[in-house]
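Q: predicted structure and sequence below. I'll ask about it afterward.
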Amino acid sequence: MILDEERPNSRLFERMKARKIAEAEAHLEKARACMKTGFFKRKPDLNGATIEYYEAAQAYYVAQKLPEAIEYYEKSSEIDQQLEDDLNAATKLEKCALLSIQRKDDKSDADARDYYDRSCKEYLLANCMDKAAECLVKIAHVVEKKNIHMAAGYMLRACNLFVNFDRQDFAVDTFNNTLNLLLRIGRFQSAIILLRRMIALFTKLQQEHNIFKCYLSIVVIYLGAGDLPAAQQEFNQHLQVDSYLRSQEIALEEDLIKACEDFDEARVEELHQHNQLNFVQQQVNRIGKNVQIAQPVEWYREETEAMLKQAEGDETQPVDLEPKKPAPRQVVPKPKKAEAPKKVETPKSPKSPKSPKSPKSPKSPKSPQKVETPKAEAPKKVESPKKAESPKKAAPVEEAKEEKEKEKEKEEEAPKLSPLEALEQAALNGEDDDDLNLCLRACCNKQSTALCRLRPADRTTIYPSD
């Protein structure tokens, strides 16, 4: 049921719609008049005709007459092509494609693809490479729902346009979107070829950080395809780049390859959550979080040589190439961790009735235990005027006194000798000859040294004791 408030608006719209249709018909009459020729008008007025057809298409579009608007946009575009106005012709064909998508019928996608393709060619003639590549990207978005492999082919052609006509500044987003699309449909080998082309692109743009991301992405994709030797070879080539050795990407590469070599599943699971994976492209991140040891990811597909040539930039290959169907995947069950055996509680035996207590026997006295006394430290020497003599030191002092007394007694008993005899006796006992000679010289009143060195027996004959 239509409310009363909506009726005036609907009536106003119908009036406006009728007025626009009448305006469009008036422009069409003028366009036909411009295209007529006569005796005095040998050539049609193409400039006037294209303007009138364009105005008529605009009026039909406002009146929501999409088929008529598409028809007259296309006629205006054809006249622009005759006038060699390629840029205007391309823009009008692009509008035809947009209106075909809005039409939403069975032929809308096919018509939109056709109009975008024609618009791309006109943009190329007008030397608008970025617009031409944009049309190819729009075709990919149109056909993506029905045939995603065809969409990948159109995206690769858009990348070729940027590279062939040296438009690197506009190519980065297109390359990144193409990379994500190729990885999403399992074309890993084509994605690696595209990444090598992106490295050349970023080298011209002097974007070192993007080059490092491409290096890491190549290794992650090789591991996602289950090709560990290729990943190792790629890693060894990256080691030759001096500036790359200081980056965090090469550390992640090394950890991933080492974990796969050692079959360390726990380490691989840890690297799935590595922070550096968040800085690469979305689909590369997805592969990095699903890398398994010696096994490709689930959506990996094998490719033909024609698909690899298409990724390299060969436009002679058809657009709708499809990879091979995936081989049946062997799911290897993960070994379960052995659980520790639970402790089984044994049932307690029923308590036996307590027997009456027997009288306690008198305890025998315990033998005293040996107590280890701590070793006494030696007392420090204290300088005191008088030291108390210990009993141990008293014994040797008394013995020394006794020996001295005995020696004195022996000396008293022995006959007293003269000084000369005492010297002779000392010489016999082996004392020093020098002291002896000095004494002899003193006693002999400066006799000759020859007489002083005589033997003791001869000395007694020469020097009597008196």
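A: Received the coordinates, thanks. Numbering: from 1, shown residues only.

Q: pLDDT weak spots in the stretch 251-400 of the chain?
A: Applying pLDDT under 70 to the stretch 251-400 of the chain flags residues 326-397.

Q: quick one, helices of it?
A: Along the stretch 251-400 of the chain, counting by DSSP state H, counting those that start in this stretch, helices occupy 265-271, 282-288, 305-312, 391-413.

Q: can you say which of those is nearest to residue 178?
A: helix 305-312 (9.3 Å; CB to CB). For every residue, glycine as well, the C-beta is placed using N, CA and C.

Q: what does the closest one contact?
A: Judged by CB atoms under 8 Å, 6 or more residues apart in numbering, the contacts made with helix 305-312 from elsewhere in the structure are 153, 156, 182, 187, 189-191, 193-194, 317-318, 321, 323.

Q: stretch 94-112 too?
A: Here stretch 94-112 has contacts from 61, 66-67, 69-70, 73-74, 77, 113, 115-116, 119, 135, 138-139, 142-143, 146, using CB under 8 Å, 6+ apart.

Q: okay, the residue most central in space within the chain and residue 188: tell me how far apart.
A: Most central in the chain under CA atoms, centre = their mean is residue 252, positioned 2.7 Å from the mean C-alpha point. When distances are taken as CB to CB, to the nearest Å, residue 252 and residue 188 turn out to be 19 Å apart.

Q: burial of residue 217, as a residue count?
A: Using other CB atoms under 10 Å, residue 217 is surrounded by 25 other residues.

Q: before we move on, what about residue 25?
A: Using other CB under 10 Å, residue 25 has 12 other residues around it.

Q: quickly find the element holding it.
A: Mapping residue 25 onto the secondary structure by DSSP states H and E places it in helix 6-35.

Q: buried set for the next helix-or-strand element following that helix?
A: Downstream of helix 6-35, the first helix or strand assigned by DSSP H and E is helix 46-62. The neighbour-count check on helix 46-62 (16 or more other CB atoms under 10 Å) flags 49-61 as buried.

Q: and of these, the nearest to residue 23?
A: Nearest to residue 23 among these is residue 59, at 4.7 Å by CB to CB.

Q: wait, the closest one touches residue 24, no?
A: Yes: taking CB atoms under 8 Å as the definition, residue 59 is a contact partner of residue 24 at 3.6 Å.

Q: how is this structure partitioned into domains?
A: Taking automatic domain parsing as the criterion, the chain consists of the domains 13-127, 146-326, 418-466.

Q: can you tell me, leaving aside adjacent residues, what's nearest to residue 44?
A: The shortest distance from residue 44 to any residue that is not its chain neighbour, by CB to CB, 6 or more residues apart in numbering, is 4.6 Å, and that residue is residue 35.

Q: to clarify, my last question referred to residue 213.
A: Leaving aside its sequence neighbours, residue 213 sits nearest to residue 280 (CB to CB, 6+ apart; 5.3 Å).

Q: ok, now which ones touch the nearest residue to residue 58 once chain neighbours are set aside?
A: Computed as CB to CB, 6+ apart, the closest residue to residue 58 that is not its neighbour in sequence is residue 69, at 7.7 Å. By CB under 8 Å, 6+ apart, the residues touching residue 69 are 57, 58, 60, 61, 99.

Q: tell me which two of those sit farthest apart.
A: Pairwise distances among the contacts of residue 69 were taken by CB to CB; the largest, 11.5 Å, belongs to 58 and 99.

Q: now do residue 54 against residue 68, distance only.
A: The separation that residue 54 has from residue 68, given CB to CB, amounts to 13 Å.

Q: just residue 225 next, same as before
A: Following CB to CB, the distance that separates residue 225 from residue 68 is 52 Å.

Q: neighbour-wise, which of those two wins?
A: Taking other CB under 10 Å, residue 225 and residue 68 do not tie; residue 225 has more neighbours (23 against 17).

Q: go ahead and confirm that one touches residue 298.
A: No: applying CB under 8 Å, one finds residue 225 not in contact with residue 298, separated by 11.9 Å.

Q: what's the overlap in contacts for these two?
A: None of the residues lies in contact with both residue 225 and residue 298 under the rule CB under 8 Å, 6+ apart.

Q: quick revisit: kindly reformat the buried residues of helix 46-62 as JSON lines containing distance to residue 162 and pLDDT.
A: Written out in JSON lines, the entries for those read as follows (distance: CB to CB, whole Å; pLDDT from 0 to 100):
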{"residue": "49", "distance to residue 162": "36", "pLDDT": "91"}
{"residue": "50", "distance to residue 162": "31", "pLDDT": "93"}
{"residue": "51", "distance to residue 162": "34", "pLDDT": "93"}
{"residue": "52", "distance to residue 162": "37", "pLDDT": "93"}
{"residue": "53", "distance to residue 162": "34", "pLDDT": "94"}
{"residue": "54", "distance to residue 162": "31", "pLDDT": "94"}
{"residue": "55", "distance to residue 162": "36", "pLDDT": "94"}
{"residue": "56", "distance to residue 162": "37", "pLDDT": "94"}
{"residue": "57", "distance to residue 162": "32", "pLDDT": "94"}
{"residue": "58", "distance to residue 162": "33", "pLDDT": "93"}
{"residue": "59", "distance to residue 162": "38", "pLDDT": "93"}
{"residue": "60", "distance to residue 162": "36", "pLDDT": "93"}
{"residue": "61", "distance to residue 162": "32", "pLDDT": "93"}
